[in-house]
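Engineer: Test case, fold it:
(2 chains)
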Number of protein chains: 2
Amino acid sequence: MTEQIGELVAPTRLMMTPGPCSIDPRVYRALSTPLVGHMDPFFIGLIGEVQTLLRQIFQTDNRTTFPISASGSGGIECAVVNALEPGDEAIVCINGTFSERMAIIAARTGATIHRVEAPLGRTVDPGDVRRVGKGRKIKFVGVCHGETSTGVITGLEPFRKVADELGALLIVDTVATLAGVPLNVDAQRIDVCFSGSQKAISAPPGMAPITVGPRMEEAMRNRKTPVQSWYFDLTAVMSFWGKDRTYHHTPPISLIFALREALRIVFEEGLEAGWQRHRQNQQALIAGMEALGLELFVPDPQDRLPTVTSIRVPPGIVDARLRRQLLDEFGIEIAGGIGALSGKIWRVGLMGYTSQSKHVLLFLAALEKVLLEQGFHVAPGAGVGSALQVYSHAEPVGADAKK
Amino acid sequence: MTEQIGELVAPTRLMMTPGPCSIDPRVYRALSTPLVGHMDPFFIGLIGEVQTLLRQIFQTDNRTTFPISASGSGGIECAVVNALEPGDEAIVCINGTFSERMAIIAARTGATIHRVEAPLGRTVDPGDVRRVGKGRKIKFVGVCHGETSTGVITGLEPFRKVADELGALLIVDTVATLAGVPLNVDAQRIDVCFSGSQKAISAPPGMAPITVGPRMEEAMRNRKTPVQSWYFDLTAVMSFWGKDRTYHHTPPISLIFALREALRIVFEEGLEAGWQRHRQNQQALIAGMEALGLELFVPDPQDRLPTVTSIRVPPGIVDARLRRQLLDEFGIEIAGGIGALSGKIWRVGLMGYTSQSKHVLLFLAALEKVLLEQGFHVAPGAGVGSALQVYSHAEPVGADAKK
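Structural biologist: Now for the predicted structure:
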C-alpha cells in the first residue's frame, strides 16, 4: 500500500485559474500551525478576530458575519436555503454557470424560482427583473457579482433598486470579487453576501465567508418551517460564531488559521490599493493578449471582471493542448470554458497573490511561446511589450509597489 | 487593523479531546504543500490515491468512496439526505448527542423519524428497533458506532440483522471509530458509512470520508425527488470523485493533501496494530484513572469506546476549573460533557497520534496534580503507577512499539 502510494511530491504551479489562486507563503505557515481545539479559549478569541477582519473586508457592521465550513458553492446553498421556504418565490439573474447554480440550488427548497437570463458574456437587464417580479411576492433577487464562468461583472445598484421596488432581499454572490473589486455591503445595502476563501482573499479553498444583514435576519426569524439543511442553518451555526460560542460542528481550524493570515495581508496592503492592483494587472494582461491577436470574450469593457479575464480560443488552436503545454512547460495553470463555453474560451485568473505584474509578464511570454509552437502567428514580443507599456504609464500600486 | 490583529502566535496543545486530536508533523508538512488546481492532472491522480486509501481504511470495494468537503456532522447530513425523501420512514438509534443529531437532521427531510432511545452511557436495544420497525416500511436504521458524547461503542451486528429483517439500509456513523476500532464495511454489510478526518485518522478537521454500497446506490437511483441539498448530493459530487472527474465544487485541496498523508501513516502502522494500540492505551488510561479514585461513566466495560473515555467529575471538583488548569499549566485539552452531561463528565480522547503511551502517562501525572490542588485526595503516583503496570504486562503495539 504505502509502497504504491508514496511521499507527496507535488509540482509547483503558478495558479492563474479563476480560483484557487497562488498563495502567499505566510498563509501556508499559518495553515500548518499545530492545532488547538475549537473550544480552546485561544481559538474562541481568534475567531472573533477573523470575524472583525471579515466585517472589514465586506465593509459591514453585520453581527452575522463568519466563514462557512464549505466551498463557495456551499455559500450559495447556505444563502438560499436560509432565505427560502416551500411556496416562496425568488428571482435569480442568470448569465453563466455560477448564477445558474444559485437557481438550481434554490429550486431544491420547494420555492418557485424565476430565471431572468442574459446571453453569456453579458449582464442581466434589471428591467427584465422588474417585469418578472411585478405583481409577485418575491423573497429575494439573487445576483452574481462576478460570474467566474464568463468573466463578467454586474453592477449591483440597479438590482438593489429593483429589489427595493419588489420588497425583496438582495443576495449577492461575491465569490470572484471580494477583495479584488470594490464592494461595500452596508453602503450597497446587500442583505446576504457570500464569497470563497480561495479567490482574491488568497487563502486555501474550503471556507465561504458570509455576511447577513438585519432584513435577512428578520426573514430568518419569521420562517414558519426549519431551514432544510442543519449544516447550513445560519441561526444554528451562529451558536458557535455568535455571542454564545457554543459547539455546533467542528470547524476546519487549520483553514481558519490560514484565512486569518490571508485577511491580515489584505489589510496590510489596504483594500483600495488591492482593488487598484487587480484592475491594473488586468489592464496589462488585456493589452498583452490583444497585442497577441487574441479576442476578449466579453465585448463591453465595462462588463469585464477584473479578477477573471476570458478570451476566445483562436481558430486552429486546440484548447486542451495549449493549456497542457502551459502547464507542463511553465507550470502555469489557466482554466478552459465550462458548460456551453467548453473548448471555446480560456479563463485567466488574476486574483490575490497571483495578481502581480511579474506573473502577468511571465504568462504573456509563456503564452506567446505556446501559441507560436501550436501554429498561431504572433508578432514576437508583442504581448509583453504592450503589457510593459501599460505598466510604464502607471504607478505600481498596492503589493506590486513593494516588490 | 493589522496592529490590533497581529501575528498568529498559537499555544502548543496536547489535544486529548474527542477530536480534533494532535497531529503527526508529517501531516502538517503535507497540509502546507503549495496548492495545485483541483482540475490539475496531478491532483486528479492524487484523488484516486486518496480514494484507494479510504477504501482500504473502510475495508470496502465500494465505488462511491471519497471525503466530503465538510465536517463529520456534514457527513451525517450527506448520508441521510441522500437516503430520505419526503414521506419515507427511518429509525435512528439514540444514545447521545451525535446519534440524536442524526435524527434531528433526518427529520428536516420531511421523512418520519422513529427515535429508539437508550439511557446515556448505554447502547440501544436492537429488540426495540425490531418492535418499532415491525409492520412499517423503514428506509434505514441509523446507528452511531462510537457515541462521542458519552464514550459508548455499539456493536453493529444485531442492528444489521434487524435492518435485514425490516428490509432497511444500515447507516453507520463511524466519526469516532474509523481507524481506532475494528470496522469492516463490506464484511459487516454497512450500506452507508461516514467518518471525520480529525479523529483517529489524525488529519485536520474539515473532511468527512464516506462510503456508499450498492444497495444505497440503488436507493439513490430510485429516488422520485431530487436530494434536497445540492452540496451534499452524492450523485452530483461523484461527477468529480467518480470516473468522469468533472468539476462539481472546489474541494479543500490542502486538507486533501493532509488527509492523504494521515492515511499513509495509518497504513504504515497497519490497521490492526493501530486498533490494538488504541485499546491498550485506553486500558492504561482507565487503570490510571480508577487508581486515582475516579469513576468511569460507562458502567459496562464492553460498551466503552476505545477512542473516548468518559469519567464522572468527582464530588467537590468544579469541571471547568480543573480543565482550565490542565490547559494553562500543561497545555492539555480534554473535553467536558455536552447537553445533559455538561459539568458532570470529562471526556478524554485517545485518538490517532494522541493515542501514545507517553501522552497517557503525562496526562495521568498532570491530572493527579490538578486533582490534588483542587482538593480531591489521591494516593501519590497511583495513576501513573497503575498505567505503567498495564504497559509492563503488555508488549508495546503499533506506533507505540517504534518509539
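
Engineer: Could you use CA atoms for every contact and neighbour count after this?
Structural biologist: Will do.

Engineer: If residue A:308 is in a bridge, with which residues?
Structural biologist: For residue A:308, the beta-bridge partners are residue A:349 (DSSP bridges).

Engineer: correct me, but it touches residue A:350?
Structural biologist: Yes. If you go by CA atoms under 8 Å, residue A:308 and residue A:350 touch, sitting 6.2 Å apart.

Engineer: more crowded one of the two?
Structural biologist: Applying other CA atoms under 10 Å in any protein chain shown to residue A:308 and residue A:350 shows that residue A:350 carries more neighbours, namely 32 against 29.

Engineer: what residues are up against that one?
Structural biologist: A:16-18, A:21, A:278, A:281-282, A:306-309, A:356 (CA atoms under 8 Å, 6 or more residues apart in numbering or on different chains).

Engineer: Of the residues you listed, which is the most crowded?
Structural biologist: The most crowded member of these is residue A:307, carrying 34 neighbours; neighbours defined as other CA under 10 Å.

Engineer: now it: how far from residue A:276?
Structural biologist: Separation of residue A:307 from residue A:276 (CA to CA, to the nearest Å) stands at 11 Å.

Engineer: Check residue A:121 too.
Structural biologist: 23 Å.

Engineer: Then residue A:145?
Structural biologist: According to CA to CA, residue A:145 and residue A:276 sit 18 Å apart.

Engineer: between the two, who's got more neighbours?
Structural biologist: When residue A:145 and residue A:276 are compared for neighbours, residue A:145 comes out ahead with 25 against 18, by other CA under 10 Å.

Engineer: correct me, but that one touches residue A:157?
Structural biologist: No. Look at residue A:145 against residue A:157 with CA under 8 Å: they stay out of range, at 11.0 Å.

Engineer: Give me the common contacts of residue A:308 and residue A:350.
Structural biologist: residue A:18.

Engineer: looking at this, residue A:188 is in a helix?
Structural biologist: No. Residue A:188: not assigned to a helix; according to DSSP: H, G, I helix; E, B strand; the rest coil it is coil.

Engineer: pLDDT value on the closest residue to it other than its chain neighbours, please?
Structural biologist: Leaving aside its chain neighbours, residue A:188 sits nearest to residue A:157 (7.0 Å; criterion: CA to CA, 6 or more residues apart in numbering or on different chains). Per-residue pLDDT puts residue A:157 at 98.

Engineer: Ok, residue A:394 next?
Structural biologist: In this model, residue A:394 is scored at 85, pLDDT.

Engineer: Repeat that for the one 3 residues further on.
Structural biologist: Model confidence at residue A:397, given as pLDDT, is 83.

Engineer: go on, residue A:402?
Structural biologist: 69.

Engineer: quick one on the thing from earlier: how far away is the residue nearest to residue A:188 from residue A:165?
Structural biologist: According to CA to CA, residue A:157 stands 13 Å off from residue A:165.

Engineer: cool, residue A:332 as well?
Structural biologist: Counting by CA to CA, the separation of residue A:332 from residue A:165 is 46 Å.

Engineer: The two: which is more packed in?
Structural biologist: residue A:332 (23 against 12).

Engineer: Find the residue closest to that one in space, skipping its chain neighbours.
Structural biologist: Leaving aside its chain neighbours, residue A:332 sits nearest to residue A:14 (4.8 Å; criterion: CA to CA, 6+ apart).

Engineer: how many other residues sit next to that neighbour?
Structural biologist: A total of 23 residues lie near residue A:14 under the criterion other CA under 10 Å.

Engineer: can you give me the helices for the stretch 251-400 of chain A?
Structural biologist: Counting by DSSP state H, counting those that start in this stretch, one finds helices in the stretch 251-400 of chain A at the ranges A:253-269, A:271-291, A:319-330, A:357-373, A:382-392.

Engineer: returning to what we had before: how about the contacts of residue A:350 in TSV, adding pLDDT and distance to residue A:126?
Structural biologist: Compiled in TSV, those are given as follows (pLDDT from 0 to 100; distance: CA to CA, whole Å):
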residue	pLDDT	distance to residue A:126
A:16	98	32
A:17	97	30
A:18	96	26
A:21	97	32
A:278	98	27
A:281	98	30
A:282	98	27
A:306	98	22
A:307	98	23
A:308	98	23
A:309	98	24
A:356	98	34
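
Engineer: okay if I get those residues as TSV plus distance to residue A:238?
Structural biologist: Shown next, in TSV, are those (distance: CA to CA, whole Å):
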residue	distance to residue A:238
A:16	35
A:17	33
A:18	30
A:21	29
A:278	33
A:281	38
A:282	38
A:306	33
A:307	31
A:308	33
A:309	36
A:356	37
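
Engineer: between those, which is nearest residue B:206?
Structural biologist: residue A:21 (20.1 Å; CA to CA).
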